[in-house]
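S.K.: Sharing a model prediction with you, sequence too.
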Amino acid sequence: MRRHAPTGSGAGPSMAAAAAAAPEGVSASQREEPVRDDAAVETAEEAKEPAEADITELCRDMFSKMATYLTGELTATSEDYKLLENMNKLTSLKYLEMKDIAINISRNLKDLNQKYAELQPYLDQINVIEEQVAALEQAAYKLDAYSKKLEAKYKKLEKR
């Protein structure tokens, strides 16, 4: 069904009267046609099969639009895969950088362990010396205590 909509400016019958009163020298395109205000009235048209040429043209148009759509979808998918590829390349580069950093850390740790191993005999000597100093300190305290006792005995003997 087709609906007839009003055309023109929609001013109504007063425009038609003005057009009829216009001078004869005014062209028909300058005059406004009378506007029908029957928007609520619908007319029915008989359903007709479109002509063969119309069907062919519509099919071509449909296939053309479908091809455009599918091309767009494939292009979007292709762009997604390119983005994923770029992200994978960047991730791979980051992992290579991290690998280099880990190798440097490992090398530095080995160097530190080697230096510690080289210092270990000296550290052992320091520990031995520390133990000897502690033993010597204890001997000095004992000697001090013994000398105080001897001094006290000597003073006792002297007084007698």
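M.R.: Here it is on my side, so go on.

S.K.: Can you classify residue 77 by secondary structure?
M.R.: helix (DSSP: H, G, I helix; E, B strand; the rest coil).

S.K.: what residues are up against it?
M.R.: Residue 77 makes no contacts at all, as judged by CB atoms under 8 Å, 6 or more residues apart in numbering. For every residue, glycine as well, the C-beta is placed using N, CA and C.

S.K.: Tell me how far it lies from residue 68.
M.R.: Note on residue 77: its distance to residue 68, by CB to CB, to the nearest Å, is 15 Å.

S.K.: Ok, residue 55 next?
M.R.: Taking CB to CB, one finds residue 55 at 20 Å from residue 68.

S.K.: same deal with residue 75?
M.R.: Distance, residue 75 to residue 68, using CB to CB: 10 Å.

S.K.: now do residue 99
M.R.: Distance, residue 99 to residue 68, by CB to CB: 46 Å.

S.K.: And the pLDDT at residue 159?
M.R.: pLDDT recorded at residue 159 is 85.

S.K.: Now for it, how many residues are close by?
M.R.: Residue neighbour count, defined by other CB atoms under 10 Å, stands at 6 for residue 159.

S.K.: Residue 80 now?
M.R.: When neighbours are defined as other CB under 10 Å, residue 80 has 10 of them.
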